[in-house]
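sequence unavailable; structure follows:
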C-alpha cells in the first residue's frame, strides 16, 4: 500500500493547476508484469482551512486499478487532515440524486491527508454522473463540501 500511495503522490505532484478535467496515468510493475492505471480529478472549488493549513486546499479523487484484482477509490487533500472522530463516513451527492453515505478508511501510518473509500459502487456512480458534491470531515474544521465536474470520465478498469 505504501508504494501505491507514493506513486499517487507523484501523480498528484504533476497536477500543477488544481482545476480541470480528469488526468490519467499508468505504470508497469516490471517485476510482476502488472499494469496500474490511475485517474485523478481535482475539485472545482478550494476551501480555506485554519492555520497551519490556510492558503486554500483542494480535494482530489483518485481511481486506481492494479493488476487484475485490485481496485481503489481514494480522496486526498492538498493541505489539511481528514477526521474520523464522528465515524468513518462521508456524504456524496451524484447529480441531483439523494445524498448517500460512504464508509472510508484512513491509513494508520499516514499524515491523515489520504482516505480510501471501501465501497466501490462509489466508482460506478462517478462513471454515471456529471456533477458530484462530496462532504468530508476535517480535523479541527468540521465537514466541508467540494464540488466536481465528474463528466467525461474514461474509466474501463473495474
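Perfect, thanks for sending it. Just so you know, these numbers come straight off a predicted model, no measurement behind them. Numbers count the residues shown, from 1 in each chain.

C-alpha from now on. contacts and neighbour counts both.
OK.

residue ranges with poor pLDDT in this protein?
For the chain, applying pLDDT under 70 flags the ranges 1-20, 158.

which SS class is the residue of it most remote from its centre?
Farthest-out residue of the chain from its mean C-alpha position, per C-alpha atoms, centre = their mean: residue 31, at 27.4 Å. Following DSSP: H, G, I helix; E, B strand; the rest coil, we place residue 31 in the coil state.

contacting residues for it?
With contact set as C-alpha atoms under 8 Å, 6 or more residues apart in numbering, residue 31 has no partners.

any idea how far residue 151 is from it?
Going from residue 31 to residue 151 by C-alpha to C-alpha, to the nearest Å gives 35 Å.

then residue 128?
Noted for residue 128: a distance of 8 Å to residue 151, by C-alpha to C-alpha.

what's the answer for residue 100, then?
Applying C-alpha to C-alpha, the value for residue 100 to residue 151 is 19 Å.

what do you get for residue 115?
Distance of residue 115 to residue 151, given as C-alpha to C-alpha: 22 Å.

have a look at the two and say which one is more surrounded.
Between residue 115 and residue 151, counting by other C-alpha atoms under 10 Å, residue 115 is the more crowded of the two (22 against 15).

correct me if wrong, but residue 87 is in a strand.
No: going by three-state DSSP, the assignment for residue 87 is coil, not a strand.

for it, grab phi and psi.
The phi/psi pair for residue 87 (degrees, to the nearest 10) reads phi 110, psi 170.

what about it, how many residues nearby?
10.

offset the numbering so it begins at 44, please.
With the count now opening at 44, the last piece we talked about shows up as residue 130.

residue ranges for the strands of the protein, please.
Along the chain, the segments classed as strands by DSSP state E run 66-72, 77-85, 102-109, 113-120, 132-137, 143-148, 157-160, 174-181, 185-192.
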